[in-house]
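Visitor: quick one, structure for this:
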Amino acid sequence: MSATLRPLALIISALCAAPALADASSLEEVERITVKGVSFDDYKNDSARGAMRADIPLLNTPQSVTVIPEIIIDEQLATTLGEVLTNDASITGGTKFWNRESFNSRGFKISNDGYMRDGHQFWAYYVPPIETSEQIEVLKGPSSMLYGKTAPGGLVNMVSKKPTHDRFVDVGFDFDDQGSTRYQIDTGGRIDEEGNFRYRAVGVKQDVTFWRQYGDGSDHERDRWLGYLNLEADIGDWGMVSVYYDKTNDESGNDSGAWLDLDGNVVGDRRTAWDMPWANFDNEVENYGADLTVYLGMDWQMKVGYNQNEFNRHRFDSSPRYNSYNSADQTYTVSPFSRFDDWQYTSYYVDFTGEFSTGGIEHNMLIGANRLEYYYLQRRQSGDTYTITYGDASSIPARPDLDYNRVEAGDPTEWDYYGIYVQDLITLNDQWQVLIGGRYDQQTKGDYDGNSAFLPRVGAIFHPNQDSSIYLSYSESFTPQGSVNDEDDVNDGMELDPELAKSWELGAKWELSEGRLLLSGALFNTEVTNFTFTEDLPGGGDNESITTQGGKQRHRGIEAAAQGQISENFFLMGSVMYLDAEYIEHPEYEPGITPVDAPEWSASIWSRYQFDNQLALNLGAIYEGERFANDGNTTFDGETVAANTIVKDAYVRFDAGASYPLKWGNTEIDLRANIENLFDTDYLGGGTNSNVTVSEGRKFRMSVTVGF
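Guide: As a prediction, the model looks like this:
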C-alpha cells in the first residue's frame, strides 16, 4: 500500500469500526458542560431544514445531507466557510483568489449563487461570515426543485443564529502565530419578561496577516468587521415575525495564488505572491430581510420571507498574467485595472406546509413559490501593461493612477428567476414512504424568457426499523447561465443556454446508540448536458480565455459518513468519498478528461475525546487524492501541454486541538489551543495551474471565550 493511501485506510477503518464501538448498552448519560451555548455532545443533528424546506428528520429525507453543527465550528476555531466545509469529504476546495472562496461538491463547482442563508439565495462572491451561523448544511446532488437555479453537485445552506429566551453574553478573542486576531461578541435573550420579544446580536473585528508576502517583502493582510442583529416577536398565538440585518466590511490585499509549471511544480518561492503589493479588494456587503410565520391551525402553517442582499466591491487588481511568464529572464506582465461591481440579489418566498391523512395514508405537504431578482452593474478603467522581474523589488511599479469613477457605467444586467413547486412526502405505513415533487422554473431577461423547465423530484424510502432507512431518489437541476461577462473572453456578452442535469441516488441511513450516532452512505450518478466551459488561451492576443457550451459530463461515486457519539467519551464526524468524474463528450477535448479538483478519493475526520468534565482533546485529518490542475490545453513559458497533464499530488493533513473550560459562579471561561497541519506537510490545495492554493505549514491558534 502506498504511503499516501495508508492514512486514508486508517480513516476508512475508523468509519467502518463505528458500529462495533457504538454499543448502546455501554453508553450512559454524559453530564453536559455548556460552553458558548452549545453542549459538548451535540455532534449530530437530526434534521436539516434546507433539504426539504420543512422540519423533516434526516431518516425521512431521500437525499445525502451533511449537517456541520456549531460545536465543531467552535472547536476548530474556524474563521472561514472553507475551514468548516473540510468536514465533508464530498466538498473539495477551489481557488481562493479575488478575496473569496470557491468549492466543488461531488466534483461539480458550486456556482456563486449556490449558497443559501436560511433558504434565501445570496451572492457569495466573497468570504461569507460564519460567526452568524449555528450550523452549515451541505445538500448533495441537484436541489433545483426547491430552490431553482442551483448547481448539479449540491448547495450550501447557512443556518443563522436565532434569538433566544435565555439571556447570555459570550465574549471571545483568538489569535494565531502569524499575528492575526479576532474579537467576537455573541449575545441574545428576551427583551420583555414574558419572552415575547427576543434578540440575537453578533459583532466581529478581525485582522489577518497571511503567511504569503508580496515581491517587496510587505505582508498580505486583511481587515474585516461584521455586525448582525436579529429581532423576533410572537404575534399573539397565531404567528411569529423576525427581522434581521447584517453588514460586512472586508478589505484585503490580493493573492491570486501560486503558479505551477507544466510538471506540476510551484514556480518561484512558495511564499511570494505574483500580485503587486498595491492590489487590493474592498467589499461592502449588506443583507437584510424579514420572515413571517402564520399558524393555520394545528397542522398547517404559512411562511413568507423577503431578503435583500447587496454586494459592492472595489477591485484594484494588478492581474498578473500566467501565460506571459518567461523563464529565461524570469519576467511576467501585469495589467492593472480599477473596477467597481454592484450586485443586488432580492429574493421572496411563500411556503404552505402541513400534514393530513387520506384513507389511513399520511401526507406531509409543501406548496410554495419563490422569486429571485438579479441586478449587476460594472464600471472599469484599465491601465498600461508592465513587465515585472520576479524577485526584483525595483521592477514593481508605483500604484497606477486609475479610478473607475472616470468611466461611465454601461447598461446593467438584470434577470428574474421564479418558480412554483409542490412536494408531498407520503407515509404509506411504518415501513414505506414516497416523495413526489415538481417545479416549474422560469428565467426572464427583459422580453427574453426562453430559459424554462419542469423539474421533477421523486423518491422511495424503506424503513427496516424505526432507526434506519434505505432510499432511492431521482432529481434534476436547471442552471441558467446568463451571459459571458468577461472582457478578456472571446465570447464576452454571448447569451448562454441553461445547463441541465439528471441524478440518481441510492442511499441508507442508520441511527445507533439511542440516536446518538448516525451512519450514512450513498451511491450517486449525475449527468450534465450543455455545460459551460472556459478555456485559457495562449498569450499574445487581446483575449485570455474563451467560453463555450455543449457536451456531456458524468460524475458517479460512493459516499460514507459517521457522525455523533461513539462511546461515553468519544465523539466523531467523519466521511469518505470515491468519485469517478469525467467529460463524456466535450466541444474541445477527447472523452475521459477529468475536471480540476475532482480527486478519486477524499476523506475527512474530526474527533474529540472527553477525559473528564473539563479537559478534551481533538484530532482530525483531511485526505485528498491526486487531482488535475488543468482540464484544458495549457500554455506556459512558451510550451503547451494537453488537458489532465498537470497533476497535484495526494496529501494528508493532520490537525489537533485541546480545550479546558472553567467556571466561577455564573461565569464560564473556555480555553482552547489548536494546531493546523500538525506535521508541517507541504501540499497543494484547490485551484488550477495558474491560481493554486499552497499549504501554509504548521499553524497555531489559541482562543479565550468568556460567557456570562
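
Visitor: alpha carbons only for contacts and neighbour counts from here, please
Guide: OK.

Visitor: any idea how far R379 is from D411?
Guide: D411 is 10 Å from R379, where distance means Cα to Cα, to the nearest Å.

Visitor: okay, these two: which has more neighbours?
Guide: Ranked by neighbour count (other Cα atoms under 10 Å), D411 and R379 place R379 first, with 18 against 9.

Visitor: who are the packing partners of the helix or strand hosting that one?
Guide: In this structure, R379 sits in strand 361-382 according to DSSP states H and E. Contacts defined by 3 or more Cα pairs under 8 Å, 6 or more residues apart in numbering; DSSP states H and E place strand 361-382 against strand 337-358, strand 413-427.

Visitor: deepest of the ones you listed, which one?
Guide: strand 413-427 (a mean of 20; mean count of other Cα atoms under 10 Å).

Visitor: now that one and strand 361-382, what's the angle there?
Guide: 160 degrees (axes from the mean of the first three to the mean of the last three Cα atoms, to 10 degrees).

Visitor: which residues does strand 413-427 contact?
Guide: 145-146, 148-149, 361-377, 433-446 (Cα atoms under 8 Å, 6 or more residues apart in numbering).

Visitor: each with direction, which strands does the helix or strand following it pair with?
Guide: Following strand 413-427 in sequence order, the next helix or strand is strand 432-445 (DSSP H and E). Note on strand 432-445: by DSSP bridges, its sheet partners are strand 413-427 (antiparallel), strand 448-462 (antiparallel).

Visitor: dump these into a markdown table; add mean pLDDT and distance to G289 as well.
Guide: A markdown table is the format used below for these (pLDDT from 0 to 100; distance: least, Cα to Cα, whole Å):
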| stretch | mean pLDDT | distance to G289 |
| --- | --- | --- |
| strand 413-427 | 94 | 18 |
| strand 448-462 | 86 | 28 |
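
Visitor: and these as JSON lines, adding distance to D255?
Guide: JSON lines is the format used below for the strands paired with strand 432-445 (distance: least, Cα to Cα, whole Å):
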{"stretch": "strand 413-427", "distance to D255": "28"}
{"stretch": "strand 448-462", "distance to D255": "37"}
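
Visitor: among those, which comes closest to L155?
Guide: strand 448-462 (16.1 Å; Cα to Cα).

Visitor: got the buried residues for the closest one?
Guide: 451-462 (16 or more other Cα atoms under 10 Å).

Visitor: the helices in this protein, which residues?
Guide: 5-16, 18-21, 49-52, 70-75, 81-85, 144-147 (DSSP state H).

Visitor: confidence-wise, which of these is weakest overall?
Guide: Per-stretch mean pLDDT for the helices of the chain is lowest at helix 18-21 (a mean of 38).

Visitor: ok, E284 - how many residues close by?
Guide: E284: 18 neighbours (other Cα under 10 Å).

Visitor: kindly apply the preceding question to D166 instead.
Guide: Neighbour tally, D166, other Cα under 10 Å: 12.

Visitor: which residues touch it?
Guide: So D166 contacts 188-190 (Cα under 8 Å, 6+ apart).

Visitor: pLDDT weak spots in this structure?
Guide: Counting by pLDDT under 70, the chain has low-confidence residues at 1-41, 446-450, 482, 485, 536, 538-543.

Visitor: give me the distance between the closest residue to L523 other than its chain neighbours and L517.
Guide: Once flanking residues are discounted, L523 sits nearest to I558: 4.4 Å by Cα to Cα, 6 or more residues apart in numbering. Separation of I558 from L517 (Cα to Cα): 20 Å.

Visitor: who's more crowded, those two?
Guide: Between I558 and L517, L517 has the larger neighbour count (other Cα under 10 Å), namely 26 against 20.

Visitor: in this structure W123 contacts D113, no?
Guide: Yes. With contact defined as Cα atoms under 8 Å, W123 counts as touching D113 (5.5 Å).

Visitor: torsion angles phi and psi at the residue nearest to G632 when sequence neighbours are not counted?
Guide: The shortest distance from G632 to any non-neighbouring residue, by Cα to Cα, 6+ apart, is to A643 (4.3 Å). Torsion angles at A643 (phi, psi; degrees, to the nearest 10) stand at phi -60, psi 150.

Visitor: what sits against A643?
Guide: Counting by Cα under 8 Å, 6+ apart, A643 has contacts 589, 593, 630-634.

Visitor: would you mind listing which of the contacts of strand 413-427 are buried?
Guide: For these, buried by 16+ other Cα under 10 Å: 145-146, 148-149, 362-374, 376-377, 433-444.

Visitor: contacting residues around the nearest residue to G707 once chain neighbours are set aside?
Guide: Nearest residue to G707, sequence neighbours excluded (Cα to Cα, 6+ apart): D170, at 4.3 Å. If you count contacts by Cα under 8 Å, 6+ apart, D170 has them with 36, 185-187, 705-708.

Visitor: ok, now how distant is A369 from T444?
Guide: 16 Å.

Visitor: brain fart, Q610
Guide: 55 Å.

Visitor: does the residue nearest to G707 have beta-bridge partners, and which?
Guide: With DSSP bridges as the rule, D170 is bridged to D186, G707.

Visitor: likewise for the one 4 residues further on?
Guide: Applying DSSP bridges to D174 yields these beta-bridge partners: R182, S703.

Visitor: burial of it, as a residue count?
Guide: Around D174 there are 19 residues (other Cα under 10 Å).

Visitor: also G305?
Guide: 21.

Visitor: so who does it touch?
Guide: 289-292, 348-350.

Visitor: the residue positioned nearest the centre of the chain: what's it in contact with?
Guide: With distances taken as Cα atoms, centre = their mean, V156 lies nearest the centre of the chain, 5.3 Å away. Counting by Cα under 8 Å, 6+ apart, V156 makes contact with 114-116, 136-139.

Visitor: let's have the residues you listed in JSON lines, adding neighbour count.
Guide: Formatted as JSON lines, those follow (neighbours: other Cα atoms under 10 Å):
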{"residue": "G114", "neighbour count": "23"}
{"residue": "Y115", "neighbour count": "24"}
{"residue": "M116", "neighbour count": "20"}
{"residue": "I136", "neighbour count": "26"}
{"residue": "E137", "neighbour count": "24"}
{"residue": "V138", "neighbour count": "25"}
{"residue": "L139", "neighbour count": "22"}
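
Visitor: which pair in these spans the largest distance?
Guide: That would be G114 and I136, which, of the contacts of V156, are the farthest apart (Cα to Cα) at 13.4 Å.

Visitor: if A561 is in a bridge, with which residues?
Guide: Residues in beta-bridge contact with A561 (DSSP bridges): S520, S575.

Visitor: look at it and say how many residues are nearby.
Guide: 26.

Visitor: tell me where the stretch 51-200 of the chain has strands.
Guide: 65-69, 91-93, 103-105, 108-109, 115-117, 120-121, 133-140, 154-160, 168-176, 181-190, 197-213 (DSSP state E, counting those that start in this stretch).

Visitor: tell me the two of the contacts of A643 that are most distant?
Guide: I593 and T634 (13.7 Å).

Visitor: ok, what's across the strand from the closest residue to F352 other than its chain neighbours?
Guide: Using Cα to Cα, 6+ apart and skipping the chain neighbours, the partner closest in space to F352 is M302 (4.6 Å). Bridge pairing for M302 (DSSP bridges) gives the partners V294, F352.

Visitor: distance of T444 relative to P480?
Guide: 10 Å.

Visitor: now do T385
Guide: 35 Å.

Visitor: OK, contacts around R106?
Guide: Neighbours of R106 in contact, by Cα under 8 Å, 6+ apart: 90-91, 140-141, 153-154, 555, 579, 598.

Visitor: just to check, L472 is in contact with W504?
Guide: Yes. Between L472 and W504 there is a contact at 7.5 Å, judged by Cα under 8 Å.

Visitor: shared neighbours of those two, anything?
Guide: Counting by Cα under 8 Å, 6+ apart, nothing touches both L472 and W504.
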